[in-house]
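> No letters, just coordinates:
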């Protein structure tokens, strides 16, 4: 037998790669000639199908590449759903033209345009989800949510702002719509909008439905702001004067914070439904918001989620007007980079809660309780040991926002809420160093409040953030931020809470907001005791890495059948945890793991633990001042 050496193997012949196809044309900042017209028929609510007709002016004899949006603004990732584009047919002068998909870029469609052709006629469908397993439900018998980027093909080679589009939509009889687009004409359930750039179009979604109410949130103001509410039933649209005052207060407090606006009208698009998929998506002159049906009529029973409107509204300034330079892209198919999402989303998360408190959408106590939950989660997060916060800004692309196993170890998009803790740290430090004369409010005004009235986005980089912080309060902000972005713990960045006059503590009684979180999530949360979250019928939905439950091999998908020999229920497990603290006995759980049964004996004796923020010291704390409305 002859043995060949490694060098001979390396020199042996074998397959070689074929050349890649020619790249798609790089977008240029030049106008696309003519106006593209898009007509969407959204009347097929039973089958959840959007019918699209599109007319595209072209130059005869020139090959054309049409792109379906892949990299989506506000999603921060390649989150296009090209698999939901169906039935694509292209005609010119009454003759059907063949198209072929690019063999590398599946979002690109090539068309050979004959010499005598000046216009292409397209028809296709966006077949939206009919079941939650297929994605977010965007059409029901009561309402719909049309995101234009799901219903457009556009020419490659141009910036999105250089492509002009005139959109239109047909709805069911009796339905009303809301959008930031301006109407050119409307009759017989068919609405034609004024021409806009493709950039503007995909930033201006539509909500429509049969049960609708429009609320003026800025009466007498110089710029209109409306809350457009769509609901599953008419009675869900009942709004009390106090609730209206709170939502009007959101607009007032945002104006005082930023000292500017970058829209000539703003529309909150708001669905109250357990049928249409929940949503929270920012746009320059509007936002998509979807929460539980009883948002208004069950106001006193549920507070969790009520920061959503403030969060998305803040994005008009932070994210849409001021944009990270590496996240901005010239069209919808160029890659995005999210290195600054800890500001884009992290500070927006911060202002979402603070503006909710200042306006009265959330009470100060509810906001403190929500902050306690955030602080506890990150203070117990094992994944911080190996993965820094900075790296989680890659998650929208790496994980595509899919549910992940062991996310307390792998981490997820933590730049939102751990970012919130960092900005609380910044705010309280500025207040301390300036002796109360300056705050993060001053940063918001200086950074986001520039160019009042301008719609033109202004990009920034890390150096711009540091420079603006230094203009508010001189300090080594570069090291401050770098340290927190690259930290591995072992504990969360809680200096802002301590400096704000509070400390994170645990008691055996949950806050009302914690109970609300459990109820709305249909779960029992033992994260900070035995390290487990349990849904209905004992189904384990989360296990904290390194917790007592983790040590005994529990995992997502297990079922808890019995606790200490008695059939499982949440209250029984709470009693067992409390009893173990008194007696020193183990907590015995009968576990069903697929077809297998076993007993897990948890060695845990520290009792029930629920997070709270406890006031430290006397006098008015700076965190209280942060939550107070600006006068």
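Sure, I can see it. All of these numbers come straight from a predicted model, not from anything done at the bench. Residues are numbered from 1 along each chain as shown.

> what sits against the closest residue to residue 52 other than its chain neighbours?
Spatially, and ignoring its direct neighbours in sequence, residue 52 is nearest to residue 151 (4.9 Å; CB to CB, 6 or more residues apart in numbering). Backbone N, C-alpha and C define where each C-beta goes, glycine included. Contact partners of residue 151, counting by CB atoms under 8 Å, 6 or more residues apart in numbering, are 38, 40, 50, 52, 126.

> Show only the entries of those found in strands.
Using DSSP state E, the members of the contacts of residue 151 that fall in strands are 38, 40, 50, 52, 126.

> of all these, which comes closest to residue 203?
Among the ones in strands among the contacts of residue 151, residue 38 lies closest to residue 203 (CB to CB), at 14.8 Å.

> Can you tell me the number of residues neighbouring that closest one?
23 (other CB atoms under 10 Å).

> Using the three-state scheme, assign residue 483.
Three-state call for residue 483 (DSSP: H, G, I helix; E, B strand; the rest coil): helix.

> ok, it to residue 561 distance?
From residue 483 across to residue 561, the span is 47 Å (CB to CB, to the nearest Å).

> More neighbours: the two, which one.
Between residue 483 and residue 561, counted using other CB under 10 Å, residue 561 has the larger neighbour count: 15 against 11.

> Quick check: closest non-adjacent residue to that one.
Excluding the flanking residues, the one nearest residue 561 by CB to CB, 6+ apart is residue 590, at 4.4 Å.

> I figured the one you found was touching residue 558, is that so?
No: applying CB atoms under 8 Å, one finds residue 590 not in contact with residue 558, separated by 10.5 Å.

> Compare those two (neighbour count), which wins?
More neighbours surround residue 558 than the other of residue 590 and residue 558, with 24 against 19 (other CB under 10 Å).

> list the contacts for that one?
539, 540, 591, 592, 593.

> how about 10 Å then?
Counting by CB atoms under 10 Å, 6 or more residues apart in numbering, residue 558 touches 532, 534, 538-541, 543, 549, 589, 591-594, 596, 598, 600.

> Just the buried residues of the residues you listed.
Buried by 16 or more other CB atoms under 10 Å: 532, 534, 538, 540, 541, 543, 549, 589, 591, 592, 600, out of the contacts of residue 558.

> Mind checking which of those residues land in strands?
532, 534, 540, 541, 543, 589, 591, 592, 600.

> Just checking, which helix or strand of this structure averages the lowest pLDDT?
Counting by mean pLDDT, DSSP states H and E, the chain has its least confident helix or strand at helix 6-11, which shows a mean of 57.

> does the nearest residue to residue 553 once chain neighbours are set aside have beta-bridge partners, and which?
Nearest residue to residue 553, sequence neighbours excluded (CB to CB, 6+ apart): residue 600, at 6.6 Å. Each beta-bridge partner of residue 600 is listed here, defined by DSSP bridges: residue 589.

> So residue 600 is in contact with residue 587, correct?
Yes: Residue 600 is within contact range of residue 587, at 8.6 Å (criterion: CB atoms under 10 Å).

> any shared contact partners between these two?
548, 549, 552.

> now these in a markdown table, with distance to residue 212 and pLDDT?
Shown next, in a markdown table, are the shared contacts of residue 600 and residue 587 (distance: CB to CB, whole Å; pLDDT from 0 to 100):
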| residue | distance to residue 212 | pLDDT |
| --- | --- | --- |
| 548 | 50 | 98 |
| 549 | 46 | 98 |
| 552 | 52 | 97 |
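
> so of those residues, which ones are in helices?
Among the shared contacts of residue 600 and residue 587, the members falling in helices are 548, 549 (criterion: DSSP state H).

> closest to residue 191 among the shared contacts of residue 600 and residue 587?
When these are compared against residue 191 (criterion: CB to CB), the nearest one is residue 549, at 54.1 Å.

> ok, now how distant is the closest one from residue 118?
Counting by CB to CB - residue 549 and residue 118 are separated by 67 Å.

> Residue 473 now?
Distance, residue 473 to residue 118, by CB to CB: 60 Å.

> Which of those two has more residues huddled nearby?
Ranked by neighbour count (other CB under 10 Å), residue 473 and residue 118 place residue 473 first, with 20 against 12.

> For residue 629, see how far away the spatially closest residue to that one that is not a sequence neighbour is.
Nearest non-adjacent residue to residue 473, counting by CB to CB, 6+ apart: residue 430, 4.6 Å away. According to CB to CB, residue 430 stands 19 Å off from residue 629.

> Neighbour count for those two, which is higher?
Using other CB under 10 Å as the criterion, residue 430 and residue 629 rank with residue 430 on top: 23 against 14.

> Would you mind giving the secondary structure of that one?
Applying three-state DSSP: residue 430 is helix.

> which residues does it contact?
Here residue 430 is in contact with 436-443, 469, 472-473, 475, 477, 622 (CB under 10 Å, 6+ apart).

> and if we set it to 8 Å?
Residues counted as contacts of residue 430 (CB under 8 Å, 6+ apart) are 438, 439, 440, 442, 443, 469, 472, 473.

> If you rank the residues you listed by neighbours, which is first?
Among the contacts of residue 430, residue 440 has the most neighbours (other CB under 10 Å), with 26 neighbours.

> any idea how far residue 397 is from the residue lying closest to residue 116 once chain neighbours are set aside?
Closest residue to residue 116 apart from its sequence neighbours, by CB to CB, 6+ apart: residue 60 at 5.7 Å. Computed as CB to CB, the residue 60 to residue 397 distance reads 39 Å.

> pLDDT at residue 304, what is it?
What the model reports as pLDDT for residue 304 is 96.

> from memory it sits against residue 516, does it?
Yes: in this structure residue 304 lies within contact range of residue 516 using CB under 8 Å: 4.8 Å.

> who has more neighbours, those two?
Neighbours were counted for residue 304 and for residue 516 using other CB under 10 Å; residue 304 has more, 22 against 19.

> show me where pLDDT drops low in the stretch 351-500 of the chain?
Under the criterion pLDDT under 70, no range of the stretch 351-500 of the chain is flagged.

> what's the helix or strand for residue 404?
Secondary structure assignment for residue 404, by DSSP states H and E: no helix or strand.

> count of residues packed around it?
A count of neighbours around residue 404, defined by other CB under 10 Å, yields 14.

> Please tell me I have it right and it contacts residue 410.
Yes: Residue 404 is within contact range of residue 410, at 5.5 Å (criterion: CB under 8 Å).

> Can you pull the residues that touch both of those two?
Common neighbours of residue 404 and residue 410 (CB under 8 Å, 6+ apart) do not exist.

> if we can go back for a sec, which one's more surrounded, residue 60 and residue 397?
The neighbour count for residue 60 versus residue 397, taken as other CB under 10 Å, is higher for residue 397 (18 against 12).

> can you map out the helices along the stretch 251-400 of the chain?
Shown for the stretch 251-400 of the chain, the helices assigned by DSSP state H, counting those that start in this stretch span residues 308-314, 341-344, 346-359, 364-379, 395-398.

> Same list, those helices, but as a markdown table with distance to residue 255 please.
Shown next, in a markdown table, are the helices of the stretch 251-400 of the chain (distance: least, CB to CB, whole Å):
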| stretch | distance to residue 255 |
| --- | --- |
| helix 308-314 | 11 |
| helix 341-344 | 21 |
| helix 346-359 | 11 |
| helix 364-379 | 20 |
| helix 395-398 | 30 |
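
> Any idea which of those helices gets closest to residue 77?
Closest approach to residue 77 among these (CB to CB): helix 395-398, 3.8 Å.

> Go through the closest one and flag the buried ones.
395, 396, 397.

> what sits up against it?
The contact list for helix 395-398 (CB under 8 Å, 6+ apart) reads 75, 76, 77, 78, 79, 336, 338, 341, 401, 411, 412, 413.

> Could you list the domains of the chain?
Domain segmentation of the chain under automatic domain parsing yields 24-170, 341-501, 512-610.
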